[in-house]
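Student: This is the structure alone, sequence omitted:
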């Protein structure tokens with residue numbers, strides 16, 4: 001008999017994270033524009049903040065694609081690669097939470113929620129990889 005090893009909760013979280021990241025990206029982009037207009041945002045920090053946001057978006061698309069593919073095909077390699085990419089996404093999220101030029105309360109809330117979902121997703125990925133390997 002064959003067993004389904006794919007994680008339904010993980011797949012649901014990939015879907016929710018995909019939708020949330022679109023909101024996160026647009027909100028963070030709008031806040032960077034807002035901060036550049038309202039505050040004396042140094043010009044040499046505006047471009048790197050925007051570049052990091054776009055790099056994060058590319059990583060997010062790749063991370064969600066590989067994770068979803070790995071989960072649905074029950075292959076540990078794409079799921080593991082997605083887990084590795086999550087580390088980069090976490091670092092960028094922490095940058096936007098702590099190290100960007102201006103951090104608003106909205107930044108803290110958006111990034112805290114994103115980091116929470118990354119943590120939950122990472123735990124589910126490890127459990128799924130363990131199920132695929134055994």
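Tutor: Perfect, I can see it now. Since this is a predicted model, take the numbers as computed values, not measurements.
Student: thought residue 81 was touching residue 65?
Tutor: No. Here residue 81 does not reach residue 65: they are 10.2 Å apart, not a contact under Cβ atoms under 8 Å. Just so you know, the C-beta spots here come from the backbone N, C-alpha and C atoms, and that holds for glycine as well.
Student: and for these two, which residues touch both?
Tutor: Counting by Cβ atoms under 8 Å, 6 or more residues apart in numbering, residue 81 and residue 65 have no common neighbour.
Student: contact partners of stretch 33-53?
Tutor: With Cβ under 8 Å, 6+ apart as the test, stretch 33-53 has contacts from 25, 28-29, 32, 92, 95-96, 100-102, 104.
Student: Just the ones of the residues you listed in strands?
Tutor: Judged by DSSP state E, the subset of the contacts of stretch 33-53 located in strands is empty.
Student: Make JSON lines out of those residues and add pLDDT, distance to residue 116 and neighbour count.
Tutor: JSON lines is the format used below for these (pLDDT from 0 to 100; distance: Cβ to Cβ, whole Å; neighbours: other Cβ atoms under 10 Å):
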{"residue": "25", "pLDDT": "98", "distance to residue 116": "17", "neighbour count": "16"}
{"residue": "28", "pLDDT": "98", "distance to residue 116": "16", "neighbour count": "24"}
{"residue": "29", "pLDDT": "97", "distance to residue 116": "21", "neighbour count": "15"}
{"residue": "32", "pLDDT": "95", "distance to residue 116": "22", "neighbour count": "20"}
{"residue": "92", "pLDDT": "98", "distance to residue 116": "15", "neighbour count": "19"}
{"residue": "95", "pLDDT": "97", "distance to residue 116": "17", "neighbour count": "16"}
{"residue": "96", "pLDDT": "97", "distance to residue 116": "15", "neighbour count": "22"}
{"residue": "100", "pLDDT": "92", "distance to residue 116": "19", "neighbour count": "20"}
{"residue": "101", "pLDDT": "87", "distance to residue 116": "24", "neighbour count": "16"}
{"residue": "102", "pLDDT": "92", "distance to residue 116": "23", "neighbour count": "16"}
{"residue": "104", "pLDDT": "96", "distance to residue 116": "19", "neighbour count": "13"}
